[in-house]
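> What follows is a predicted protein model with its sequence.
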Amino acid sequence: MGVLDTINGPQDVKRLDNDGLAALAAEIRDLLVSSVARGGGHLGPNLGVVELTIALHRVFDSPRDPILWDTGHQAYVHKMLTGRAGRFDTLRQEGGLSGYPSQAESEHDFIENSHASTALSYADGMAKAMMLRGETDRTVVAVIGDGALTGGMAWEAINNIAMRKDLPIVIVVNDNGRSYAPTIGGLAKHLAALRASRNYENALGFIKENLGRVPVVGTPLYETLHGVKKGLKDILAPQVLFEDLGLKYLGPINGHDVAAMESALRTARDFRGPVIVHAITRKGMGYAPAENHDEDCFHSPAPFDIATGEERPRAHGWTNVFSEEMVRLGKEREDLVAITAAMLHPTGLAPFAEEYPDRIFDVGIAEQHALTSAAGLALGGLRPVVAVYSTFLNRAFDQLLMDVALHRLPVTVVLDRAGVTGDDGPSHNGMWDLSILQVVPHLSIAVPRDGERLRELLGEALDVADGPTVIRFPKGALPEDVDAVGKLGGMDVLRAGDAADVLIVAVGPMAEPCLEAARLLEAQGLSATVVDPRWVKPLDEALVLAAGAHRLVAVVEDNGRVGAVGDAVARLLRDNDVDVPVRTYGIPQRFLEHAKRSSILTRAGLTGPDLARSITEALAGRAAAAERRRG
Ligand SMILES: Cc1ncc(C[n+]2csc(CCOP(=O)(O)OP(=O)(O)O)c2C)c(N)n1
Ligand SMILES: CC(=O)[C@@H](O)[C@H](O)COP(=O)(O)O
Ligand SMILES: [Mg+2]
């Protein structure tokens, strides 16, 4: 029986002595490594916050003192200390422990959204609520990474928090110097300089320790020095950004020293106003393969061998094709530039960066800035490609609409992880873009069905000069290439039915289940023509005639159903007085619990057999209705 087995909640952490704490930290690290080695997840971030989280739960009284985790990928230790260590064998599995905070799992969890840079805004609101409700003995704690601190929303919150001196907020900046890769930007340099000033802090600590013992002269002298400290800190270390904003700043603190963290957190708690505690941590701390993993410190590794740190090989996927094609196009087009929002490797832009170091821009976790900076690059005569995960584009919608599309600027947005991603829970599924982007004038959307089409469509997108283009593809392994058997306007015909029962519009990777459905329908005497529009916005006018010649149109897409391609097709037919029923098949419009992509698609009925069954029923229903009309 280990120490971790005795932890049923924060109260059990508070009672541990130093030996118990050391044993607890070691056992937590073992459980982190073994859990992520088995099923994947976020290892580096969580190894870096073991002591910090222990200290938090010893100083504060969660959930009365809410502890908020920005992005939430580093909350595994928090889960272990709030009674869930025994469930880590189900981490990120369907029905098991979520990889992010989950209100359904625990009263200690608050923010379920995995989108970065939100925690300080929650803290601002929660603290104001406490003050208005007279709950003056509570404290809101927000843990935010140095990467998340490069997100604009965090600074909107700091600007507001700094306005009031009475908000009981403790902001713990978990500064490991990295997002995936080393964190970029002026702020990162500032934090690095503050980290460097830690030596300076130690020197001052030594002075205080010794001067304090000198009677009469000693203490006043230290006070003088303390006054000088402020000046020196501004000279030796750069202007202390946070203090100049009016926020009390404590640090930098060694985030792996529980006692030091506890002391700083107690000081911060007792301050009864907004305080920054700047913790210096190491991403991957305590597991050498993570500590020494140059790319991202094992930010979110695939399952791996614990002894060697060797990850299970990842299949050659969509991201690889995009990555290779960008390097190839970069040779052809000197105007091609690329932007990443702190995800150079995950979005596949690292090879492009290596080949063309002057033509890549990592803007930090700042998608809004990324889009409008891309607008600037286009205004400057270049051809920008912005690569982001689909779900993270949501926060840059206005920039895409009003900074890019309004000016008809040739910016291409490449959305990786579009459609169901699955394991990372409801806020990571890229199930929104085909809906929200329908309303953007002058914007075109391409959805490749396979690697070959991705290469083709990326080239076509870069040739669109009078407005933005979007290309979206899912996470993971590539399907086999599916060649067209003909053309219908600009659309690829993937299978030509010999009669006119159903026209299936297969959006991107849904080609595979749609072709399977067509084969199953044919086996029962129903004919199905399958087309791949390639460009789903604007829709191809040829669809109008083709639809009019069929008894039913089925549109199948890996996106939320509401307001997506299916609804756009129905609107196109309605606008052209084509009276053919349209069945739309997609992801249910709700927040989906974490599960494997395949499992979610199956549950959504996006498989060949389910599609065939539904289309058969629709045709039968259509026939029955016609029969009734004939009386
Ligand atoms: C809006 C948004 N963009 C991108 C991501 C992808 N992402 C997840 S974690 C991460 C890096 C976070 O770095 P940091 O805040 O320093 O936390 P650390 O992993 O270092 O603990 C990024 C870019 C995200 N979650 N949200
Ligand atoms: C927390 C976060 O947003 C990312 O780390 C995300 O988990 C990455 O997911 P992929 O594994 O799909 O790159
Ligand atoms: Mg970091």
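That came through fine. Ligands and ions are numbered 1, 2, ... in the order given.

> In contact with the residue of the stretch 201-350 of the chain found nearest ligand 3, which residues?
Residue nearest to ligand 3 within the stretch 201-350 of the chain: residue 283 (6.2 Å; C-beta to the ion). C-beta coordinates here come from the backbone N, C-alpha and C atoms, glycine included. Neighbouring residues of residue 283 by C-beta atoms under 8 Å, 6 or more residues apart in numbering: 44-45, 47-48, 176-178, 290-291, 297, 299.

> same deal with residue 469?
Taking C-beta under 8 Å, 6+ apart as the criterion, residue 469 is in contact with 410-413, 443-446, 461-462.

> after the helix or strand bottoming out on mean pLDDT in the chain, next one along is what?
Least confident helix or strand, the chain: helix 218-236 with a mean of 48, by mean pLDDT, DSSP states H and E. Using DSSP states H and E, the helix or strand that follows helix 218-236 in sequence is helix 241-244.

> Tell me the first helix or strand C-terminal of that following helix.
Going down the chain from helix 241-244, the next helix or strand is strand 248-254, by DSSP H and E.

> Run the chain-centre distance for that following strand.
28 Å (C-alpha atoms, centre = their mean, to the nearest Å).

> Give me the neighbour count for whichever residue of the stretch 201-350 of the chain sits closest to ligand 1.
Closest to ligand 1 within the stretch 201-350 of the chain is residue 342: 4.2 Å, counting by C-beta to the nearest ligand atom. Counted with other C-beta atoms under 10 Å, the neighbours of residue 342 add up to 27.

> how about it, what does it touch?
Applying C-beta under 8 Å, 6+ apart, one finds that residue 342 lies in contact with 147, 150, 179-181, 183-184, 362-366.

> Near ligand 1, list only the ones from the residues you listed.
Among the contacts of residue 342, the residues that sit close to ligand 1 (C-beta under 6 Å from any ligand atom) are 147, 179-180, 183, 365.

> so which of those residues is the most crowded?
Neighbour counts for the ones next to ligand 1 among the contacts of residue 342 peak at residue 147, which has 30 neighbours (criterion: other C-beta under 10 Å).

> Quick check: which ranges of the stretch 101-250 of the chain have low pLDDT?
For the stretch 101-250 of the chain, residues meeting the criterion pLDDT under 70 lie at 197-240.

> Backbone dihedrals for the residue in it that ligand 3 sits nearest to, please?
Closest to ligand 3 within the stretch 101-250 of the chain is residue 145: 3.9 Å, counting by C-beta to the ion. Main-chain torsions, residue 145, degrees, to the nearest 10: phi -80, psi 160.

> Then the one 5 residues further on?
Main-chain torsions, residue 150, degrees, to the nearest 10: phi -90, psi 0.

> wait, it sits on residue 184?
Yes. In this structure, residue 150 is within contact of residue 184 by C-beta atoms under 8 Å, at 7.1 Å.

> Tell me which of the contacts of residue 469 fall in helices.
Secondary structure from DSSP state H places 461-462 of the contacts of residue 469 in helices.

> gap between the closest residue to residue 511 other than its chain neighbours and ligand 3?
Nearest non-adjacent residue to residue 511, counting by C-beta to C-beta, 6 or more residues apart in numbering: residue 449, 4.1 Å away. Relative to ligand 3, residue 449 is positioned 37 Å away (C-beta to the ion, to the nearest Å).

> cool, residue 501 as well?
To ligand 3, residue 501 is 55 Å away according to C-beta to the ion.

> I'd like the distance between that residue and residue 345.
Residue 501 is 47 Å from residue 345, where distance means C-beta to C-beta, to the nearest Å.

> what does this structure have sitting close to ligand 1?
By C-beta under 6 Å from any ligand atom, the residues of the chain that approach ligand 1 are 45, 48, 71, 73-74, 114-116, 145-148, 174, 176, 178-180, 183, 283, 299, 341-343, 365, 367, 392, 395.

> Show me what the helix or strand harbouring residue 615 packs onto, helices and strands only.
Assigned by DSSP H and E, residue 615 belongs to helix 608-630. The contact analysis (3 or more C-beta pairs under 8 Å, 6 or more residues apart in numbering; DSSP states H and E) places helix 608-630 against strand 502-506, helix 511-523, strand 552-560, strand 582-587.

> contact partners of the longest one?
Think helix 511-523. By C-beta under 8 Å, 6+ apart, the list of residues contacting helix 511-523 from outside reads 449-450, 479, 482, 494-495, 497, 501-502, 504, 506, 527-530, 532, 556, 606-609, 611-612, 615-616.
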